[in-house]
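Visitor: Give the three-dimensional model of this entry:
(2 chains)
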Amino acid sequence: MTVREIVEKLDLSTCCGGNKLELEVTGGYASDLMSDVIANGKAGNVWVTMQVHVNIVAVAVLKELAAIILVQGRDPSPETLERAIDEQVTILVCKLPAFETIGKLYELGISNVK
Amino acid sequence: MLRYLRADLHIHTCLSPCGDLKMSPQKIIAKVLEHKLHIIAITDHNSAENVHAVMKCAEGKKVVVLPGMEVCTREEVHILAIFETEELALELQSFVYDHLQGENNPDVFGLQVIANEFDEVEGYQNRLLIGATDVSTEHIVGAIHQLHGLAIASHIDRESYSVIGQLGFIPETLGFDALEISINTNDEEARKRFQEYSRYRFVRNSDAHYLDDIGKAMSEYLLEEPSFQEIMKALRNEDGRMVRAT
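Guide: I've put the predicted structure just below:
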């Protein structure tokens, strides 16, 4: 499944990184502890979080994540957005809370556990 | 003449919901004197309301109490804010209170006791001090510096509520005056594990929530006298002042 398909099926808004929507998604990871994402996120994952700090961009670059999905309609800070554009990191926003967002992703078959 | 003075810049009182009720001003000072600490900072969660009582209690005694608090940022990073005067700490407190939602539930989180210097209960703080402000880590550090305070990243070796745990790494733009190592990591381990942060000063504090925690961790500062300004110089390695974590 591509990032674009997820955007369409979950009705996500795209803050930035619209040029990478054709990336294939390998799975998903959810955490608000960035140290945990660095330890356990996998390349090609979508990352569900409510953290909007600029460090999320660095984590996404480091782990080669397919996209960051911010939950509950949270907006990235201006600094985060600017950095994400520079680094070509895709940031998506879902209006739903984390639990529902993850549930919908899981229903689509997105999982990290084989 | 410069000499090594012992300081613990992270001590909670009975105002912190997780702080033991025995952490009262007089008992804290008694314990601090027993361990021959020269300088302490009172750092309750998101509040400085017991600073006054502990400072009062220390008057005429051989310990200097610095006013402070441990602020929780939007990203749930804990930061020690330490000031030269009580007024400055209270200024940060009013900023923090403006950005702190919720009410404490003493049954769940614990009582938040405001004490006087005679160890009497003056009242209870009802705000949710254990909560997080809605202010970013950068903004909090900026606010502390604007009030000429010291911003120290709390217990960076812990996963919970530490800047590295929450943010993965320390952003270069964050101007911490020092990084705190908890009692769980010894100096050698810390130096190895946090090699990439060797540009920062490391300090060790007790993060005492119980009386018996006091004296278990501290740092030695080479200072002219026990004061805020001297600690600041030590953290900046100015005029021969310096700090060593012990």
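Visitor: hmm, who's touching the helix or strand encompassing residue B:42?
Guide: Per DSSP states H and E, residue B:42 falls inside strand B:39-45. For strand B:39-45, contacts defined as C-beta atoms under 8 Å, 6 or more residues apart in numbering or on different chains pick out B:5-13, B:15-19, B:28, B:32, B:48, B:50-51, B:54-55, B:63-70, B:72, B:80-82, B:129-130, B:221, B:226-227, B:231. To be clear about C-beta, it is placed using only N, CA and C from the backbone, and glycine gets the same treatment.
Visitor: what inclination does the helix or strand that it is followed by have with respect to strand B:39-45?
Guide: Downstream of strand B:39-45, the first helix or strand assigned by DSSP H and E is helix B:51-58. Taking axes from the mean of the first three to the mean of the last three C-alpha atoms, to 10 degrees, one finds helix B:51-58 and strand B:39-45 inclined to each other by 150 degrees.
Visitor: contacting residues for residue B:164?
Guide: A:35, B:156, B:170.
Visitor: do that again at 6 Å, thanks
Guide: A:35, B:156 (C-beta atoms under 6 Å, 6 or more residues apart in numbering or on different chains).
Visitor: Can you classify it as helix, strand or coil?
Guide: helix (DSSP: H, G, I helix; E, B strand; the rest coil).
Visitor: gap between residue B:134 and residue A:52?
Guide: To residue A:52, residue B:134 is 11 Å away according to C-beta to C-beta, to the nearest Å.
Visitor: more crowded one of those two?
Guide: residue A:52 (21 against 12; other C-beta atoms under 10 Å in any protein chain shown).
Visitor: how many neighbours does residue 75 have?
Guide: Since you didn't name a chain, this refers to chain A. 13.
Visitor: To clarify, I was referring to chain B.
Guide: So residue B:75, with other C-beta under 10 Å, has 23 neighbours.
Visitor: Can you say which helix or strand has it in it?
Guide: Residue-wise, residue B:75 maps onto no helix or strand under DSSP H and E.
Visitor: ok now do it, which residues does it touch?
Guide: Contacts of residue B:75 (C-beta under 6 Å, 6+ apart): A:53, B:137, B:166.
Visitor: Tabulate those (JSON lines), appending neighbour count, pLDDT and distance to residue B:40.
Guide: Conversion of the contacts of residue B:75 to JSON lines gives the following (neighbours: other C-beta atoms under 10 Å in any protein chain shown; pLDDT from 0 to 100; distance: C-beta to C-beta, whole Å):
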{"residue": "A:53", "neighbour count": "25", "pLDDT": "93", "distance to residue B:40": "31"}
{"residue": "B:137", "neighbour count": "28", "pLDDT": "96", "distance to residue B:40": "25"}
{"residue": "B:166", "neighbour count": "24", "pLDDT": "93", "distance to residue B:40": "26"}
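Visitor: distance of the nearest residue in space to residue B:218 that is not next to it in sequence from residue A:3?
Guide: Setting aside the residues directly before and after it, residue B:218 is nearest to residue B:8 in space (C-beta to C-beta, 6 or more residues apart in numbering or on different chains), at 4.5 Å. Here the distance between residue B:8 and residue A:3 works out to 50 Å (C-beta to C-beta).
Visitor: repeat for residue B:163
Guide: Taking C-beta to C-beta, one finds residue B:163 at 30 Å from residue A:3.
Visitor: Comparing the two, which residue is more hemmed in?
Guide: Legend: neighbour count by other C-beta under 10 Å for residue B:163 and residue A:3, higher for residue B:163 (28 against 24).
Visitor: can I assume the more buried one is in contact with residue B:77?
Guide: Yes - using C-beta atoms under 6 Å, residue B:163 makes contact with residue B:77 at a distance of 4.8 Å.
Visitor: Around chain A, pick out the residues from chain B.
Guide: B:75, B:164-165, B:167-168, B:171 (C-beta under 6 Å from any C-beta of the partner chain).
Visitor: Identify, from those, the entry nearest to residue B:185.
Guide: Closest approach between the residues of chain B next to chain A and residue B:185, by C-beta to C-beta: residue B:164, at 12.0 Å.
Visitor: so where is chain B shaky, pLDDT-wise?
Guide: Where chain B drops to pLDDT under 70, the residues are B:246.
Visitor: cutoff 90 now
Guide: B:107-108, B:159-160, B:172-173, B:186-188, B:191, B:244-246 (pLDDT under 90).
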